[in-house]
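Colleague: coords please:
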Amino acid sequence: MGGRREPVGPLPTTPWREALEAAGLPKAGPQLMVALDIDGTIIHHDTTLSPRVAQAIRAHLDAGTHIMVATGRSIGAADIVMEPLGMDRGFAVLSNGSVVTAVGDDAGALGGLDVSGLEPVPAQYRLASTPMHFWRTHTFDASKEMRLISQNVPGAIIALETVGGPIRLTEEFPDGELAGVTQVTSIEDLLANPITSRLTVRVPQMSAGELLDRVEKLGISGVEYAVGWSAWMDITPAGVSKASGLEDVRKALGIPRAHTLTMGDSGNDCEMLEWGGLGVAMGNSSDYVRSHANTVGESVDDDGVALVLEQLL
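Modeller: Sure, this is the predicted structure:
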């Protein structure tokens, strides 16, 4: 997606409970597919997790709902959240759709997928013990984008995510922001090895709006990019988003599109909010994000995910 911040259409006006009832989603069970963003949706921005949200997610897992994360986080960073939630089976849409993994080996939760022929995620890049295999991966050559950003965005920290390898970055991110195995290197090294599933740019001294303004003037094209609630920008291959990853999962599971629920709060959630049979923007999301959704739920601080999921139990 591009960098627009104004609403792209009318804001949803139907209260979320009415929208949920009108959507006619199946109750918790194997006919329902739920995709949840992590930061600002499942967990608070300080990374804390509400016990009520955790309980609601586990109840759906126990009922057989195909409930999964759809996140900009990499594998290791997603592990930190998935493991305590008990997300040990099914699929995970990671790195804004550039990486989709099969989690565990429960064939029912994987739509009959046999993981024995898939490449396992190396244990050294995992922060959880549940087996995980690469199912869909998308990469691109990020050399053009790295040159533009390194030459025109002062103070930018650039990170390249490698499928099955460490995250290589020009400088450490602020404390607590980037989980997983990392390797600090030079911009010259990144340019010499530019193939990546995701390019991430972090500018600690800028606001999200300032970074977006700067990037829009660079004329970056041929890729997808989104800026989150801080000056953090993810760049992924053209046509790849959380929505594209979820569509692959939906087809594998044989779930009707009308039986899908998506929830998110940030710019990288817009496509999946539009994609879902019911797209619920979090109450802490901007008007731009809300304009892509069917309705607006409660905020992450008010257990917005739990309130919706409980209605489907």
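
Colleague: how many neighbours does G9 have?
Modeller: 7 (other Cβ atoms under 10 Å). Using the backbone N, CA and C atoms, a C-beta is placed for each residue, glycine as well.

Colleague: How about it, nearest residue that isn't a chain neighbour?
Modeller: Nearest residue to G9, sequence neighbours excluded (Cβ to Cβ, 6 or more residues apart in numbering): S291, at 5.1 Å.

Colleague: With E210 instead?
Modeller: A231 (6.7 Å).

Colleague: residues in contact with that neighbour?
Modeller: R202, V203, P204, Q205, M206, S207, A208, E210, L211 (Cβ atoms under 8 Å, 6 or more residues apart in numbering).

Colleague: Quick check: the gap between Q151 and D287.
Modeller: Q151 sits 33 Å away from D287, going by Cβ to Cβ, to the nearest Å.

Colleague: For S50, state which of the contacts of A231 is nearest.
Modeller: Within the contacts of A231, proximity to S50 (Cβ to Cβ) peaks at A208, which comes in at 24.5 Å.

Colleague: dump the residue contacts of the residue nearest the centre of the chain.
Modeller: For the chain, T71 is the residue whose C-alpha lies nearest the centre (Cα atoms, centre = their mean; 1.5 Å). When the contact criterion is Cβ under 8 Å, 6+ apart, the partners of T71 are D37, I38, D39, A78, A92, V93, L94, N96, K242.

Colleague: Go again with 10 Å.
Modeller: 35-39, 41-42, 77-78, 81-82, 92-97, 242, 264, 268-269 (Cβ atoms under 10 Å, 6 or more residues apart in numbering).

Colleague: Out of these, name the ones that lie in helices.
Modeller: With helices defined by DSSP state H, the entries of these inside them are A77, A78, V81, M82, K242.

Colleague: Out of these, which comes closest to K251?
Modeller: K242 (15.3 Å).

Colleague: And the helices in the protein?
Modeller: In the chain, the segments counted as helices under DSSP H are 16-23, 51-63, 75-85, 143-152, 187-192, 208-216, 242-253, 270-275, 287-290, 304-311.

Colleague: looking at those, which is closest to L169?
Modeller: helix 187-192 (8.3 Å).

Colleague: just to revisit the earlier point, isn't the residue nearest to G9 up against T13?
Modeller: No. With contact defined as Cβ atoms under 10 Å, S291 does not count as touching T13 (11.5 Å).

Colleague: out of the two, which sits in the busier spot?
Modeller: Taking other Cβ under 10 Å, S291 and T13 do not tie; S291 has more neighbours (20 against 9).

Colleague: List the residues that contact that one.
Modeller: 4, 6-12, 270, 273-274, 281, 285.

Colleague: Would you list the buried entries among those?
Modeller: P12, C270, L273, A281, S285 (16 or more other Cβ atoms under 10 Å).

Colleague: Need the residues you listed in JSON lines (columns: pLDDT and distance to G222).
Modeller: Shown next, in JSON lines, are the buried ones among the contacts of S291 (pLDDT from 0 to 100; distance: Cβ to Cβ, whole Å):
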{"residue": "P12", "pLDDT": "96", "distance to G222": "31"}
{"residue": "C270", "pLDDT": "94", "distance to G222": "19"}
{"residue": "L273", "pLDDT": "98", "distance to G222": "24"}
{"residue": "A281", "pLDDT": "98", "distance to G222": "28"}
{"residue": "S285", "pLDDT": "95", "distance to G222": "28"}
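
Colleague: Identify the farthest-apart pair in those.
Modeller: For those, and using Cβ to Cβ, no pair is farther apart than P12 and C270, which are 13.1 Å apart.

Colleague: Find residues that contact each of those two.
Modeller: Counting by Cβ under 10 Å, 6+ apart, the contacts common to P12 and C270 are G279, A281, R290, S291, H292, A293.

Colleague: mind checking the end-to-end distance for stretch 175-189?
Modeller: Using Cα to Cα, to the nearest Å, one end of stretch 175-189 lies 24 Å from the other.

Colleague: What residues sit buried inside it?
Modeller: Neighbour counts over stretch 175-189 (16+ other Cβ under 10 Å) mark L178, A179, G180, T182, T185, I187 as buried.
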